[in-house]
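**Q** Here's my sequence, what's the structure:
(chains A and B)
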Protein chains: 2
Amino acid sequence: MTFHFGILCFPGVQQLDLTGPYEVFASARNATVHLVWKDLKPIRSATGLVLMPDTTFADAPSFDVLCIPGGRGVNALLHDEEVLSFVREKAAAARFVTAVCTGSLVLGRAGLLTGRRATTHWNSMDFLPRLGATPVEERVVQDGSVITAGGVTAGIDFGLAVVAELMGNDEAQTIQLSLEYAPAPPFNSGTPATAPRSILDAARARMAASRREREVLLS
Amino acid sequence: MTFHFGILCFPGVQQLDLTGPYEVFASARNATVHLVWKDLKPIRSATGLVLMPDTTFADAPSFDVLCIPGGRGVNALLHDEEVLSFVREKAAAARFVTAVCTGSLVLGRAGLLTGRRATTHWNSMDFLPRLGATPVEERVVQDGSVITAGGVTAGIDFGLAVVAELMGNDEAQTIQLSLEYAPAPPFNSGTPATAPRSILDAARARMAASRREREVLLS
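**A** This is a model prediction of the structure:
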């Protein structure tokens, strides 16, 4: 039996939202990971890395796990009916409907977070209630078949949690060891609660333009 | 002033060795990250993700940071004089010569680890002495201008350490917060010391073929 993972790959995606879970999923036994978009043209991610979709909305198979990563490019998806319809359609057939980072906002706009506990990047948590979800400040949040992750690097923790759900703890632990995932951040600034105030202000400033745009799109 | 990061992008690279540091470097102010290879053809990584080099050995600029990721594809580089010469040439002009995971073996084969403290993926640590290096079981190891990281996900810790060296702690901390890097692995199997014995055996078995090949190449 092969498990099919489908990750949405769109212009302006935060590549580590996608490549972190990809590496965990693709390291599993009997897994096929698809990058899916409207067409097969190269995609420029938010920080410049070019990604190549391997299947299209029209050709995509059913997915055991549907995963929506986040990034600046999410803004353009929030009113894109072609994308939202595709997400709804694939979600209906998936065992797990998932998102990393601000990919949760896309799930929300598709109506898939209504009444669900969910998480997203810390700088977008306040958008979740507008989309009918209950925000939870945890790294990975599971509510039934919906699994969401916090910002960017949370996608690795999330990937292991999804593999554990789908294939068992031994498979997830074997992948964790293969990827030597025993993280040791050199600083303690990974969340607004632990970062110095000046660092929080600097990070917010860098994300301000995208956030302002998102506020209008979700108002 | 722009900092130039050059990451070697080769067939069979472990994509997260590359995409983790890429996301950290590319999130920095005034940074340009290049993926460099012999030509510009699409590259298939070890787990399938396709990457696109953006510059060639012939056209690459000088790099402030040269970074060699690891992966199964490292084996083909260990006796590739074109690659080893390129690495030596770019290393001579770089401020920091770095590797993630088994990328250290390429630095070693290029003669750049002689007499240096260094690290690599846990399953390749015993190769370092054969390459003249002193193995150190730490997540990120700096010896002068040479910075090496442990397996795969260590590249994120490493990326932050490199940015801190080059641009200061504030920049690294701002990136850490933007990427919400406050890891929370769902299991404690990230190193051979903490993983259950059965998990260690399973992980070793998955890497056995590549390791046997490497033993011959480095004998």
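
**Q** C-alpha only now, for contacts and for neighbours.
**A** OK.

**Q** so what pLDDT did the residue sitting furthest away from the middle of chain A get?
**A** Largest separation from the mean C-alpha position in chain A: A:Ser198, at 27.5 Å (C-alpha atoms, centre = their mean). Listed pLDDT for A:Ser198 reads 98.

**Q** any idea how far it lies from chain B?
**A** 9 Å (C-alpha to the nearest C-alpha, to the nearest Å).

**Q** Can you point out the helix or strand that includes A:Glu23?
**A** Using DSSP states H and E, A:Glu23 falls within helix A:15-26.

**Q** Could you look up the next helix or strand downstream of that helix?
**A** strand A:31-37.

**Q** Could you identify the longest helix within chain A?
**A** helix A:197-217 (DSSP state H).

**Q** what's it packed up against?
**A** helix B:169-178 (3 or more C-alpha pairs under 8 Å, 6 or more residues apart in numbering or on different chains; DSSP states H and E).

**Q** Next up, phi/psi of the residue nearest the centre of chain A, please.
**A** The centroid of chain A falls nearest to A:Val100 when counting by C-alpha atoms, centre = their mean (2.0 Å). When read as degrees, to the nearest 10, the backbone of A:Val100 gives phi -120, psi 140.

**Q** Check the offset of the longest helix of chain A from the chain's centre.
**A** 19 Å (C-alpha atoms, centre = their mean, to the nearest Å).

**Q** List the residues that contact the nearest residue to A:Leu40 once chain neighbours are set aside.
**A** Spatial nearest neighbour of A:Leu40, chain neighbours left out: A:Pro53 (5.2 Å); criterion: C-alpha to C-alpha, 6 or more residues apart in numbering or on different chains. A:Pro53 sits next to A:9, A:34-37, A:39-43 when contact means C-alpha atoms under 8 Å, 6 or more residues apart in numbering or on different chains.

**Q** Now A:Pro53: which helix or strand?
**A** With DSSP H and E as the criterion, A:Pro53 is inside neither a helix nor a strand.

**Q** gap between it and B:Asp64?
**A** 31 Å (C-alpha to C-alpha, to the nearest Å).

**Q** Please apply the same query to A:Phe5.
**A** Counting by C-alpha to C-alpha - A:Phe5 and B:Asp64 are separated by 37 Å.

**Q** same check, this time on A:Thr148
**A** Counting by C-alpha to C-alpha, the gap between A:Thr148 and B:Asp64 amounts to 37 Å.

**Q** higher neighbour count, those two?
**A** A:Thr148 (33 against 19; other C-alpha atoms under 10 Å in any protein chain shown).

**Q** May I have the beta-bridge partners of the more buried one?
**A** A:Ala99, A:Val141 (DSSP bridges).

**Q** That one contacts A:Phe96, doesn't it?
**A** No - using C-alpha atoms under 8 Å, A:Thr148 is not in contact with A:Phe96; the gap is 10.1 Å.

**Q** Need the residues touching each of those two.
**A** In contact with both A:Thr148 and A:Phe96: no residue, using C-alpha under 8 Å, 6+ apart.

**Q** Output stretch A:66-81 as CSV, nothing but the C-alphas.
**A** Included here for stretch A:66-81 are C-alpha records, laid out as CSV according to Å, rounded to 0.1, in the frame of the first residue of the first chain:
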residue,chain,number,x,y,z
LEU,A,66,-3.7,17.1,1.9
CYS,A,67,-1.2,19.7,3.2
ILE,A,68,-1.4,23.5,2.6
PRO,A,69,1.8,25.4,3.4
GLY,A,70,1.9,29.1,4.1
GLY,A,71,3.9,32.1,3.1
ARG,A,72,3.3,35.6,1.6
GLY,A,73,1.7,33.9,-1.4
VAL,A,74,-1.2,32.8,0.7
ASN,A,75,-2.7,36.2,0.3
ALA,A,76,-3.4,35.6,-3.4
LEU,A,77,-5.2,32.4,-2.6
LEU,A,78,-7.7,33.7,-0.1
HIS,A,79,-10.1,34.8,-2.8
ASP,A,80,-9.1,32.4,-5.5
GLU,A,81,-12.1,30.2,-6.0
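
**Q** Residues touching that stretch, excluding its own?
**A** Contacts of stretch A:66-81 (C-alpha under 8 Å, 6+ apart): A:5-15, A:17-18, A:46, A:83-84, A:90-91, A:94, A:96-107, A:109, A:152, A:210, A:213-214, A:217-218.

**Q** Enumerate every residue touching A:Ala184.
**A** Contacts of A:Ala184 (C-alpha under 8 Å, 6+ apart): B:139, B:154, B:157.

**Q** Run through the residues that contact A:Arg117.
**A** So, once contact is read as C-alpha under 8 Å, 6+ apart, A:Arg117 ends up touching A:133-136, A:141-143.

**Q** nearest spatial neighbour of it, skipping sequence neighbours?
**A** A:Thr134 (4.6 Å).

**Q** so that neighbour sits right up against A:Ala118, yeah?
**A** Yes - between A:Thr134 and A:Ala118 there is a contact at 6.1 Å, judged by C-alpha under 8 Å.

**Q** okay, these two: which has more neighbours?
**A** A:Ala118 (29 against 18).

**Q** which residues does that one contact?
**A** A:104, A:128, A:133-136, A:141-143, A:147-149.

**Q** List the beta-bridge partners for it.
**A** A:Pro135.
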